[in-house]
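In: using only what follows, build the 3D model:
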Amino acid sequence: MIYSIKSLILIFMKIFKGIFYIFWRCWFYCWVLFPIILIFPILLIVTSTEKLYPVFFKIAQAWANTILFVMGFKVNLIEEEHLDDTKSYMFCPNHTSMIDVMLMLSIAKNPFVFVGKKELTKIPIFGYFYKRTCIIVDRSDSKSRKAVFDEARRRLSDGLDVCIFPEGLVPDDESVVLADFKNGAFRLAIEFQIPIVPITMYDCKKRFSYTFFSGKPGTLRTKTHKFLYTNGYTLKDCETLKNGTFTVIYNELISDSKNT
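Out: Below is the predicted model of the structure:
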């Protein structure tokens, strides 16, 4: 069969694109693990006690910013309301990508702790420090879910902020704009009377989704919305707070999709 020049060019471009994705994804995983291996002894020290958590957090931010930079991502943050350094907050971003964690670390002003899924503890090296610094939840175990609340309460009492992806997991169907929210973040926010900070990450799915042969470098637009205050709320208001947070992020994503 004789191929036209145009067909050959298309075949070549397809092959080149596939090679690029393989290299780009491997590049990402190398940069996730290489810095951790490089400063392994330091990380052992700063994760040995919670008193050193602010030091660990600064290292984690440098790690996240390095990964975003070498992957060709530029963060563009819009803040509708500014954080008060003297107060605690519950961060609630949408969840679509592996780089959501790096992006959250990059935009943070003060130390916070993630509530994260147990499955990530199985990643070699990374999982070891992840388990030592995050609040781990096994969603299939009711005892684990209760333990998460106890640990989150303790960390909030220590003055740290908490970040929970309220969707729980990244939706299997990538066409889903925003999955239903779980109650945990909103119950904790009401219990401690701290504000919810809805956060919209517009581009993480497009830039680096869980589909291997997809994505590209570019801008990661992020918005921290006006806070949803919980003063005077009781647990009876949990559903109202959850729906309000969902609506803010969902409407923002829908509006952005219509304008792009």
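In: the helices in the stretch 101-250 of the chain, which residues?
Out: 126-133, 142-157, 184-192, 204-208, 238-259 (DSSP state H, counting those that start in this stretch).
In: residues in contact with the longest one?
Out: Spelled out, that is helix 238-259. 92, 94, 166, 177-178, 180-181, 183, 186-187, 189-190, 196, 198-200, 202, 223, 225, 228, 230, 233 (CB atoms under 8 Å, 6 or more residues apart in numbering). (Each C-beta comes from the backbone N, C-alpha and C, glycine too.)
In: show the average pLDDT along that helix.
Out: Averaging pLDDT along helix 238-259 gives 94.
In: quick check: angle from that helix to helix 184-192?
Out: 130 degrees (axes from the mean of the first three to the mean of the last three CA atoms, to 10 degrees).
In: only alpha carbons, please: show helix 238-259 as PDB.
Out: Output of helix 238-259 as PDB, limited to C-alpha atoms (Å, rounded to 0.1, in the frame of the first residue of the first chain):
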ATOM      1  CA  CYS A 238     -24.200  19.800  57.500                       C
ATOM      2  CA  GLU A 239     -26.200  19.100  54.300                       C
ATOM      3  CA  THR A 240     -26.800  22.800  53.700                       C
ATOM      4  CA  LEU A 241     -23.100  23.600  54.000                       C
ATOM      5  CA  LYS A 242     -22.100  20.600  51.800                       C
ATOM      6  CA  ASN A 243     -24.600  21.600  49.100                       C
ATOM      7  CA  GLY A 244     -23.500  25.200  49.200                       C
ATOM      8  CA  THR A 245     -19.900  24.200  48.700                       C
ATOM      9  CA  PHE A 246     -20.800  21.800  45.900                       C
ATOM     10  CA  THR A 247     -22.800  24.500  44.100                       C
ATOM     11  CA  VAL A 248     -20.000  27.100  44.200                       C
ATOM     12  CA  ILE A 249     -17.500  24.700  42.600                       C
ATOM     13  CA  TYR A 250     -19.900  23.100  40.200                       C
ATOM     14  CA  ASN A 251     -21.200  26.400  38.900                       C
ATOM     15  CA  GLU A 252     -17.700  27.600  38.500                       C
ATOM     16  CA  LEU A 253     -16.600  24.600  36.400                       C
ATOM     17  CA  ILE A 254     -19.800  24.700  34.300                       C
ATOM     18  CA  SER A 255     -19.300  28.400  33.600                       C
ATOM     19  CA  ASP A 256     -15.700  27.900  32.700                       C
ATOM     20  CA  SER A 257     -16.500  25.100  30.300                       C
ATOM     21  CA  LYS A 258     -18.900  27.400  28.400                       C
ATOM     22  CA  ASN A 259     -16.300  30.100  28.200                       C
END
